[in-house]
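Enquirer: Build me a model from this:
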Amino acid sequence: MSLVKNPSHPGEVLKELYLDGLGLSPIGLAKRLHVPRTRIERLVKEETSVTADTAMRLGKFFGTTPEYWLNLQRAWDLARARDEIDVSDITPLEAA
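Expert: Got it, this is the predicted structure:
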């Protein structure tokens, strides 16, 4: 199984692949998604995570799927956890 070592934050993907390419601002996107502007501004600045609600809206607007956005978030979260959480002292359960 291949693991993405340094996945992009969903906000980076949103900004670079979608907003910049379409000439759309975070505020403009927020208006079209009917969400507070701070939600998209904070996401693009990588200060917050993609929620299921935001994933549904992004998927609908951009013609992707909510799963696409949530999988970006999952990959980001797991990469950070692998860097920050030490599980080396946990002994795996052995089958009986």
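Enquirer: Check which residues of the lengthiest helix in the chain are buried.
Expert: If each helix of the chain is counted by residues according to DSSP state H, the longest one is helix 66-84. Of the residues in helix 66-84, Pro66, Trp69, Leu70, Leu72, Gln73, Ala75, Trp76, Ala79 count as buried by neighbour count, 16 or more other Cβ atoms under 10 Å. (C-beta placed from N, C-alpha, C; glycine too.)
Enquirer: ok, so of these, who is nearest Lys45?
Expert: Trp76 (14.0 Å; Cβ to Cβ).
Enquirer: Next, the contact list for the closest one, please.
Expert: Listed by Cβ atoms under 8 Å, 6 or more residues apart in numbering, the contact set of Trp76 reads Pro7, Ser8, His9, Pro10, Ser49.
Enquirer: Check Leu72 too.
Expert: By Cβ under 8 Å, 6+ apart, the neighbours of Leu72 are Pro7, Ser8, His9, Pro10, Val13, Val50.
Enquirer: Going by distance to Ile85, which of those residues wins?
Expert: Closest approach between the contacts of Leu72 and Ile85, by Cβ to Cβ: Pro7, at 16.4 Å.
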